[in-house]
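1. let me see the structure of the following:
(2 chains)
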Amino acid sequence: QKEVEQNSGPLSVPEGAIASLNCTYSDRGSQSFFWYRQYSGKSPELIMSIYSNGDKEDGRFTAQLNKASQYVSLLIRDSQPSDSATYLCAAPRGDSWGKLQFGAGTQVVVTP
Amino acid sequence: ETGVTQTPRHLVMGMTNKKSLKCEQHLGHNAMYWYKQSAKKPLELMFVYNFKEQTENNSVPSRFSPECPNSSHLFLHLHTLQPEDSALYLCASSQDLASGRLDYEQYFGPGTRLTVT
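-> Numbering: from 1, shown residues only, chains lettered A, B, ... in the order given. Purely as a prediction, here's the structure:
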């Protein structure tokens, strides 16, 4: 069983629309969650972290966490072509702080 | 320099060669990590160091040998690799791994693209 699951995509989003990415995790002990953006051929770049249930907003990005349902999502508002990338969800193993497990990533393609 | 740096950025090596990858972080962190990213596969955690002590070896073959001389530097020594070891090797750093801590965001270096021939 995969520990962190994401839809692989590609998720095609018109420019200016909202991109919605979902991630589920299996370890109920996980307390921190992270979203990374990875452009093709580049390394992952941290864009959001969330620790508490509810929403966290940072610019055009909003992370949502629901620990009871074990999912975390990322919304990208006013999507731009520069948002075209693979988005990785990460959660720690509940017994090992900092030892992140990554999902396979969701590829987002923003079309002009 | 800022952030996390890695050298070399590209490496081609034969199966009998010995080489080393270097990582340096300038963020004042005390935890460092090695990851492997193969095509079409999720990031795989290889090794974790916290205050220079290895705290995780994720069943990595012995042909990969990590070294962490201090909290700012991390090496991955490579020898007798196999073609399937070709991948992007990523170094990351974070705050130290203290019990109960939540804010251990990991920051990645640019990676070393390794090709084993």
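2. how about the residues of chain B near chain A?
-> For chain B, the residues in contact with chain A (Cβ under 8 Å from any Cβ of the partner chain) are B:31, B:41-43, B:45, B:48, B:50, B:56, B:88, B:90, B:94, B:97-111. For the C-beta atoms, the positions are set from N, CA and C on the backbone; glycine is no exception.
3. at 6 Å what do you get?
-> Taking Cβ under 6 Å from any Cβ of the partner chain as the contact definition, chain B meets chain A at B:42-43, B:56, B:90, B:97, B:102, B:104-105, B:108, B:110-111.
4. what's the helix or strand for the most centrally placed residue in chain B?
-> Taking Cα atoms, centre = their mean, the centroid of chain B lies closest to residue B:34, which sits 2.4 Å from it. Following DSSP states H and E, the helix or strand that holds residue B:34 is strand B:31-37.
5. quick one: strands adjacent to the longest strand seen in chain A?
-> As assigned by DSSP state E, the longest strand anywhere in chain A is strand A:85-93. Within its sheet, and counting by DSSP bridges, strand A:85-93 is paired with strand A:33-38 (antiparallel), strand A:96-102 (antiparallel), strand A:106-111 (antiparallel).
6. give me the contacts around that strand.
-> The contact list for strand A:85-93, computed with Cβ atoms under 6 Å, 6 or more residues apart in numbering or on different chains, reads A:4, A:6, A:21, A:23, A:25, A:27, A:30, A:33-34, A:36-39, A:44, A:99-100, A:102-103, A:105-107.
7. could you report the separation of residue B:45 from residue A:93?
-> In this view, residue B:45 and residue A:93 are 9 Å apart by Cβ to Cβ, to the nearest Å.
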